[in-house]
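J.: I'd like to go over a predicted model; first the sequence, then the structure.
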Amino acid sequence: MRIGVHIDQTNPLKEAAVRGVDVVQFFLGDPQAWPKHVPVREDAATLRESAVALYVHAPYVINVATTNNRIRIPSRKMLGQQAAAAAAIGAKGLIVHGGHVLKGDLSGSGDPDIGVDNWRKTLEREAFPLPILIENTAGGDYAMARRLDRLARLWDAIGDYEVGFCLDTCHFHAAGEDLGDIVDRVTAITGRIDLVHANNSRDAFGSGADRHANLEDGQIDPAAIVAVIKAAGAPAILETPGEGHLADIAFLREHLPA
């Protein structure tokens, strides 16, 4: 089992060595900003040649599902730029949140089929140079990937494109989805799980709150998180508070097969 962490983007390989992991995830810039372009990394060749598996998380502001042109159109452009920059450093995948129909939706329609169709158009119009991994989200009444019924509608439209899935344990807990059989229920829809975000939750089941906790400090039974990772058979990335990273890594190594 490959275990890694979300780390600062400045020196990913050094951060991986400090934590003794062979998988890392990071942003390529400010996750809350709308940059005009993604700078070329001077260490791109070194990152490509490294044995450390790299994953890039797209900025949170990206929302290709919305009907608001002022958000959707730049989101599509930014997703393409992020994918190109991630591929240039040899990343295994680009993680992006599923988005919301009503996030900045000027029409106020709230029709999830609009968001589904906007995702389909996004994938139809551009061939991305690496897998786009859609991540489930914790809250939002009109989210594309919060609950499994909505995820199934999304996958019916986009499942034939080069798209994968990133399962976040905190997010499904917050969304009110039982983790006990979540891997089976997700793979029945997506056919695959490419990455697990192994996070505990500071808040209660069904809260809708995206507030991560270290593995032994949250509202989720840590054994349930371990079971999800085992069942998924995919690399696991910790997005837990940094001061607890070493303890979280040690916990997973104790409870997961080598």
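T.: That came in fine, so what should we check first?

J.: quick one: which helix or strand includes the nearest residue to Asp8 once chain neighbours are set aside?
T.: Beyond its immediate neighbours in the sequence, the residue positioned closest to Asp8 (C-beta to C-beta, 6 or more residues apart in numbering) is Glu15, lying 6.2 Å away. Quick note: C-beta positions are derived from backbone N, CA and C, even for glycine. Using DSSP states H and E, Glu15 sits in helix 12-19.

J.: what does that helix contact?
T.: 4-5, 7-8, 22-24, 26, 43, 46-47, 50, 52, 54, 245-246, 249 (C-beta atoms under 8 Å, 6 or more residues apart in numbering).

J.: Stretch 161-169 too?
T.: 93, 95, 120, 123-124, 127-128, 131-138, 179, 182-183, 186, 190, 192-201, 220, 224-225, 228, 232, 234, 239.

J.: what's the answer for stretch 227-243, then?
T.: Residues outside stretch 227-243 that contact it (C-beta under 8 Å, 6+ apart): 1-6, 23-25, 53, 55, 167-170, 179-180, 182-184, 193-200, 212-215, 245, 248-249, 252, 256-257.

J.: ok, and the helix or strand in the chain with the lowest average confidence?
T.: Across the helices and strands of the chain, mean confidence by mean pLDDT, DSSP states H and E is lowest for helix 112-125: a mean of 93.

J.: Relative to His245, how far out is Arg153?
T.: 36 Å (C-beta to C-beta, to the nearest Å).

J.: Neighbour count for those two, which is higher?
T.: Shown here are Arg153 and His245; by other C-beta atoms under 10 Å, His245 has more neighbours (19 against 15).

J.: which element is that one on?
T.: Per DSSP H and E, the secondary structure element for His245 is helix 245-255.

J.: Please apply the same query to Val24.
T.: strand 23-26.

J.: Please, where are all the helices along the stretch 151-258 of the chain?
T.: Secondary structure of the stretch 151-258 of the chain, counting by DSSP state H, counting those that start in this stretch: helices at 169-175, 182-190, 222-232, 245-255.

J.: Of those, which is nearest Pro39?
T.: Across the helices of the stretch 151-258 of the chain, Pro39 has its closest neighbour in helix 245-255 (26.6 Å, C-beta to C-beta).
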